[in-house]
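Engineer: Build the 3D model from these lines:
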Amino acid sequence: MTVQLTRRTFLQTASATTTLLIGFNGSKILASGHADGEFTPFVRISSDGTITAIIKHFECGQGTATGLSTLIAEELNMDLDQIEIEFAPANAQKYANLFFGMQGTGGSTAMANSYMQYRTAGAAAKEMLIKSAADEWGVSPESISLANGQLSSGGKEASVGEFVAAASMLEVPAKPLLKDPSEFTLIGNPDTNRRDNDPKINGTAQYAMDVHLDGQIVAVFVRSPRFGGTLVSLDDSGAKDIPGFIRTATLPTGTGAIVYAENTWAALQSRDAIFAEWDFSNADNRSSDQIKADLLAAVNRDAEFDARGIQGDAAEGLSRATKVISREFFLPFLAHAPMEPLNCTIAPTETGVMLYDGCQMPSGAQFALGAVLQIPPENVQITTLYAGGSFGRRSSPSADYHVEAALAFALNGGKVPVKLIWSREDDLKGGYYRPAVAHKVQVGLDDDGRIIGWDHRISGKPIFKGSPFEAVVVQNGVDITSVEGVADTLYDIPGLYVGLTDDISPISVNWWRSVGHSHTAFVMESMMDLAAEAAGQDPLEYRLSYLQSGTPDHNRLAGVLKLAGTNAGWGNPLPEGHYQGIAVHKSFGSYAAEVVEVSGDIDNGVVIEKVTCAVDCGLAVNPDVVKAQMESGIGYGIGHVMRNEITFTDGEVDQWNFPDYQPMRINDIRTIEVHIVPSTEGPSGVGEPGTPPSGPALANALASMGTRVTHLPMEANGITFT
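Structural biologist: Predicted coordinates for the structure are as follows:
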């Protein structure tokens, strides 16, 4: 191995020194003085005094490593920069996401499911160390203080490392005393520095793309240019003169081929020199116009599945309505476009393989590699590295790129390390997109402008049908991610009917930052604005009128609406040529409201002057990380509704790289302001909740300017942004 991956394998190194390993799993606290694999360690204290937080969630820029190490540092009275971080090995029995039952990161759950685990582990370690020192010094535990890795009492002082051996032999406290929130110095501190800043700045952070093992070769795939195509023939004669080319192998599935080379450049050049003939008879050969027409046709006929409510209730309300608002919406396919394209390396071990990856779903990767390589999943070890973004792409239900890597490794004989590379072009053309979706909504209002009927039809390809998670996520034929944000809306709307029709296509789809909320919030919040306009009422006040039950959900959603409105100056006179739009949405346990202020005009260019966001995400462990994630989610959401889409011509993807699939740039929004609601509730999601309200808030601002956009992206409607 030519790249040293430090602090990745603590179970191996811990056996060389006495350590205290503390973990908390559900209601059971676990400790060990040795690394024999029987424990669930979240914090390790070595005899030299080094304290390490074992991070069970991967880090793709969302701040998880900082958050989890903060919890341990808080309970141990340490400065955050005194805590080392180390990514956990793959072992679902020890490191399962408590919400999933498997090891993985997603759904904005990292802090929510780990909060008590890591605090309790830190508190247990503290009590055990103090007890050991008290026994040694002959003093009461109450007389001992622990701070910055030092134990002290009445002139006696020692490093925690000196008591690791004794502490590891103690019985673990069943209910260690946690700090009272009033004692927090790190949790909730807005000035906490991220633990991954320094290694990313100085270049020592290791990503999967950085892995170069002795004897490693590179594999890239030759895929059908149309989804569902099959390989007829492959001519690789043109690649044989490329320096570094090794060979090709066709896939037993008939869906493509693999190019093996000595390095990435040789692999990509060799692939370009290969001629492949394809059979498109079973492919999706439609162009984007036809896909859009098919989806819109589906929402104009009877739905296949009832996702919520009784159709008659909505029909009855609409029949009594004095005013009916009807709109069709179309939201296109979207790529994730993480900065680091997909890649991973598989190397042989004595009992199986080692996967080097910025691995979002270790359990899924273990099962995928185990199935392809015909080895037990537990024989798939994983070295988790930093990931350069994901937005959901690194966690597809089918574990697609892990399956590809396993095939490339197996078809090469399984004797040498194989690194799978997706280029940027592969990423944009390779599928697993946010599904293209159509909505048709009819809203009926009475004489007072109150909603009395809401008929909502949705059509798009389901993400979970046919996946390993279908039994859990698909209920009565409905993939709940297709309708989330509508079927479970918090607005108190009578006569709500939601119907769903699946679109069946070989175009592969995947969850995308905020999953179904990415399209349902756009439609719900656009329609609420239209209803407020028809009722002649203020959009903010109109929304509040449907959040009056006094339940925690209503109170918290109303709270962020008011906070965002107040800080944005909602209702106050705006500078000439300025307009505002508002939207609010609950997702992943958190509540977010956003006000977008724009200036300019549709014909000469729109300027996004400011986005004001209010978020209630429970306790903000690291407020600066929360703000960064909300800013990121806002930029991601607005950038995509402004200009991005994946389009097709005769079944082939038109986009290929960033020139025609442009991410949001820093100058696209002049100011983003984030306000966090103080809370004593447990932490909830922040990685995704900023995205859903951002698009509709911009759309509602443009509507105030005079143009209502219902088919995305906005630039495809002739709107320009400057």
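
Engineer: and G600, that one's in a strand?
Structural biologist: Yes - counting by DSSP: H, G, I helix; E, B strand; the rest coil, G600 is located in a strand.

Engineer: I figured it was touching T720, is that so?
Structural biologist: No - look at G600 against T720 with C-beta atoms under 8 Å: they stay out of range, at 9.0 Å. To be clear about C-beta, it is placed using only N, CA and C from the backbone, and glycine gets the same treatment.

Engineer: more neighbours, those two?
Structural biologist: More neighbours surround G600 than the other of G600 and T720, with 18 against 15 (other C-beta atoms under 10 Å).

Engineer: how about the more buried one, what does it touch?
Structural biologist: Listed by C-beta atoms under 8 Å, 6 or more residues apart in numbering, the contact partners of G600 are G577, V606, V607, T722.

Engineer: Can you flag the buried ones in these?
Structural biologist: Buried subset of the contacts of G600 (neighbour count, 16 or more other C-beta atoms under 10 Å): V606, V607.

Engineer: if we can go back for a sec, what residues are shared contacts of G600 and T720?
Structural biologist: Shared contacts of G600 and T720, counting by C-beta under 8 Å, 6+ apart, come down to V606.

Engineer: Touching stretch 190-200 from outside, list them.
Structural biologist: 59, 63, 65-66, 69-70, 80-81, 83, 85, 186, 204-205, 386, 622-625.

Engineer: Mind checking which of the residues you listed are in strands?
Structural biologist: Judged by DSSP state E, the subset of the contacts of stretch 190-200 located in strands is I83, I85.

Engineer: neighbours around the closest residue to A405 other than its chain neighbours, how many?
Structural biologist: Once flanking residues are discounted, A405 sits nearest to L420: 4.0 Å by C-beta to C-beta, 6 or more residues apart in numbering. By the criterion of other C-beta under 10 Å, L420 has 25 neighbours.

Engineer: I figured L420 hits A219, correct?
Structural biologist: Yes - L420 is within contact range of A219, at 5.3 Å (criterion: C-beta under 8 Å).

Engineer: got any residues that touch both of the two?
Structural biologist: A405, A408.

Engineer: How many residues are close by T109?
Structural biologist: When neighbours are counted by other C-beta under 10 Å, T109 comes out with 21.

Engineer: Per-residue pLDDT of it, please?
Structural biologist: With respect to pLDDT, T109 scores 97.

Engineer: do you know how far the closest residue to it other than its chain neighbours is from V472?
Structural biologist: If the residues on either side of it in the chain are set aside, T109 comes closest to F99, at 4.9 Å by C-beta to C-beta, 6+ apart. Distance from F99 to V472, counting by C-beta to C-beta, to the nearest Å: 12 Å.

Engineer: Just say helix, strand or coil for the residue nearest to A405.
Structural biologist: L420 ends up strand, using three-state DSSP.

Engineer: Phi first, then psi, for the residue of the chain positioned farthest from its centre.
Structural biologist: In terms of distance from the mean C-alpha position of the chain, G138 ranks first, at 50.6 Å (C-alpha atoms, centre = their mean). According to degrees, to the nearest 10, the main-chain angles of G138 amount to phi 70, psi 40.

Engineer: Could you tell me how far stretch 163-176 lies from the centre of the chain?
Structural biologist: 36 Å (C-alpha atoms, centre = their mean, to the nearest Å).

Engineer: for stretch 130-139, same thing?
Structural biologist: For stretch 130-139, the distance to the chain centre is 45 Å (C-alpha atoms, centre = their mean).

Engineer: which residues sit against that stretch?
Structural biologist: 140-141, 143-144, 146, 151, 153-154, 156, 158, 163, 166-167, 170.

Engineer: Excluding covalently adjacent residues, which one is nearest to G449?
Structural biologist: A535 (2.5 Å).

Engineer: if we can go back for a sec, the contacts of G600 into TSV, with extra columns for distance to H554, pLDDT and secondary structure?
Structural biologist: Shown next, in TSV, are the contacts of G600 (distance: C-beta to C-beta, whole Å; pLDDT from 0 to 100; DSSP: H, G, I helix; E, B strand; the rest coil):
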residue	distance to H554	pLDDT	secondary structure
G577	36	96	coil
V606	33	98	strand
V607	35	98	strand
T722	39	94	coil
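
Engineer: Need the contacts of G600 in a markdown table (columns: distance to I45).
Structural biologist: Output for the contacts of G600, formatted as a markdown table (distance: C-beta to C-beta, whole Å):
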| residue | distance to I45 |
| --- | --- |
| G577 | 61 |
| V606 | 55 |
| V607 | 53 |
| T722 | 55 |
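
Engineer: Which stretches in the stretch 301-450 of the chain count as strands?
Structural biologist: Using DSSP state E, counting those that start in this stretch, the strands found in the stretch 301-450 of the chain span residues 305-308, 323-331, 343-348, 353-357, 380-384, 418-421, 437-445.

Engineer: To R556, which of those lies closest?
Structural biologist: Among those, the nearest to R556 by C-beta to C-beta is strand 305-308 (21.7 Å).

Engineer: quick one on the thing from earlier: what's the distance between the residue farthest from the centre of the chain and S159?
Structural biologist: 19 Å.

Engineer: now A387
Structural biologist: 35 Å.

Engineer: cool, and R247?
Structural biologist: Taking C-beta to C-beta, one finds R247 at 56 Å from S159.

Engineer: cool, L547 as well?
Structural biologist: With C-beta to C-beta as the criterion, L547 and S159 are 54 Å apart.

Engineer: Same drill for these two, tell me which one is more crowded.
Structural biologist: Neighbours per residue (other C-beta under 10 Å) separate L547 from S159, with L547 holding more: 20 against 15.

Engineer: Show the model's pLDDT score for the more buried one.
Structural biologist: pLDDT at L547 comes out at 98.

Engineer: Double-check that L500 belongs to a helix.
Structural biologist: No - the assignment for L500, made by three-state DSSP, is strand rather than a helix.

Engineer: How many residues are close by it?
Structural biologist: L500, neighbours per other C-beta under 10 Å, totals 26.

Engineer: Just list the residues touching it, thanks.
Structural biologist: A303, E304, F305, D306, A307, R457, I458, S459, V478, D479, S482, V483.

Engineer: Do you know the pLDDT at the nearest residue to the fourth one once chain neighbours are set aside?
Structural biologist: Spatial nearest neighbour of D306, excluding adjacent residues (C-beta to C-beta, 6+ apart): G499 at 6.1 Å. Predicted confidence (pLDDT) for G499: 97.

Engineer: next one: D235
Structural biologist: D235 is given a pLDDT of 98.

Engineer: In this structure it contacts I274, no?
Structural biologist: Yes - if you go by C-beta under 8 Å, D235 and I274 touch, sitting 6.8 Å apart.

Engineer: more crowded one of these two?
Structural biologist: I274 (18 against 12).

Engineer: number of nearby residues for the closest residue to the more buried one other than its chain neighbours?
Structural biologist: Counting by C-beta to C-beta, 6+ apart, I274 lies nearest to D236, which is 5.0 Å off, once chain neighbours are set aside. Neighbour count for D236, taken as other C-beta under 10 Å: 20.
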